[in-house]
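Visitor: Just the structure for this:
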Amino acid sequence: MYRDQSIEEIYDGKFYGINDLAKIGCDGCKGCSACCHGMGNSIVFDPLDVHRLATGLLCAPAALLQEHEETRPESGARVLCPARMELGVADGLILPHLIMGGAEETCTFLNEEGRCSVHALRPGVCRLFPLGRFYDGSGDYTYIVQAGECPYPVKTKVKIKKWIDTPDYERYHRFVLKWHAFQKEMQGRMAGVEAEAAKALCIRILQVFYLTPYPADGFFEEFERRLKEFHV
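Guide: Purely as a prediction, here's the structure:
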């Protein structure tokens, strides 16, 4: 989700590359789950996020929108679970975001001990936090530390690549850039069409990139294929 604020309002004054160190380490949070509460609809999923969750929980992508059975990563047990995501408007598109439930707006994946039950499958936004991406118009992005977002008092320096903890980072990086460019293109396309046509385009994006399952081990190749076919 893009933030409509000047960069000076939200960062610590520095830009970081993937191999740089940043003061973001929180010693495993030590039971703190502040960033798992009250996030509203800001945890917007990209297609890889939904693929990771659906594959890891052994459920269909579309099932995450309703009550469904999934496999708990920690025990392997099959359990009936509530909806994990819902649809909302984000940056002009209809996209899925993580559900925050209850009076405290708690992440639906937080367990009774206040820990993430799907840490290995966590969405890209969660992997980044408290980092953010800054797109400067060059066709690439750098990382920033979002000042004041994480309340943990004493932070240590961690290499950003280690913090993000994403396999095959170079392919992931290219995916993020292409998905970002695609969203900008779709926003521009919808600005010039009637409401019904814009809605139909949003539904097609959801079906093609989110709700149709990807091969378990071939996400990036399949994403590239769908991206090309979408423009035919």
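Visitor: Thought residue 171 was touching residue 220, still the case?
Guide: Yes - with contacts counted by Cβ atoms under 8 Å, residue 220 reaches residue 171, the gap being 5.0 Å. To be clear about C-beta, it is placed using only N, CA and C from the backbone, and glycine gets the same treatment.
Visitor: Can you pull out the low-pLDDT segments for this structure?
Guide: 1-9, 232 (pLDDT under 70).
Visitor: can you give me the strands for the chain?
Guide: 21-25, 68-71, 78-81, 85-90, 93-98, 100-101, 106-107, 131-135, 141-145, 156-159 (DSSP state E).
Visitor: can you list those in JSON lines and add mean neighbour count?
Guide: Below are these laid out as JSON lines (neighbours: other Cβ atoms under 10 Å):
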{"stretch": "strand 21-25", "mean neighbour count": "17"}
{"stretch": "strand 68-71", "mean neighbour count": "16"}
{"stretch": "strand 78-81", "mean neighbour count": "13"}
{"stretch": "strand 85-90", "mean neighbour count": "16"}
{"stretch": "strand 93-98", "mean neighbour count": "21"}
{"stretch": "strand 100-101", "mean neighbour count": "16"}
{"stretch": "strand 106-107", "mean neighbour count": "20"}
{"stretch": "strand 131-135", "mean neighbour count": "17"}
{"stretch": "strand 141-145", "mean neighbour count": "19"}
{"stretch": "strand 156-159", "mean neighbour count": "13"}
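Visitor: Next one: the residue with the largest distance to the centre of the chain from residue 177, what distance?
Guide: Here the chain reaches farthest from its C-alpha mean at residue 194, the gap being 29.0 Å by Cα atoms, centre = their mean. According to Cβ to Cβ, to the nearest Å, residue 194 and residue 177 sit 30 Å apart.
Visitor: cool, and residue 36?
Guide: 28 Å.
Visitor: neighbour count winner among those two?
Guide: residue 36 (23 against 15; other Cβ atoms under 10 Å).
Visitor: excluding its backbone neighbours, what's nearest residue 166?
Guide: Once flanking residues are discounted, residue 166 sits nearest to residue 172: 4.9 Å by Cβ to Cβ, 6 or more residues apart in numbering.
Visitor: quick one on the thing from earlier: let me know the distance separating the residue farthest from the centre of the chain from residue 208.
Guide: Residue 194 sits 21 Å away from residue 208, going by Cβ to Cβ.
Visitor: If we go by neighbour counts, what in the helix ranked longest in the chain is buried?
Guide: Ranked by residue count, the top helix of the chain under DSSP state H comes out as helix 169-190. Neighbour-count burial for helix 169-190 flags 172, 175-176, 179-180, 182-183, 186, 190 (criterion: 16 or more other Cβ atoms under 10 Å).
Visitor: could you check the angle strand 93-98 makes with that helix?
Guide: Put simply, helix 169-190 runs at 140 degrees to strand 93-98, going by axes from the mean of the first three to the mean of the last three Cα atoms, to 10 degrees.
Visitor: Can you list the helices and strands that helix 169-190 packs against?
Guide: Under the contact criterion of 3 or more Cβ pairs under 8 Å, 6 or more residues apart in numbering; DSSP states H and E, helix 169-190 touches helix 47-57, strand 93-98, strand 141-145, helix 195-206, helix 219-230.
Visitor: what residues does the shortest one touch?
Guide: When you say that, I think you mean strand 141-145. 7, 10-12, 14-18, 20, 22-24, 128, 130-136, 160, 176-177, 180 (Cβ atoms under 8 Å, 6 or more residues apart in numbering).
Visitor: What of the last one?
Guide: Contact partners of helix 219-230, identified using Cβ under 8 Å, 6+ apart, comprise 47-48, 51, 168, 171, 175, 178, 182, 204-205, 208-209, 214-215.
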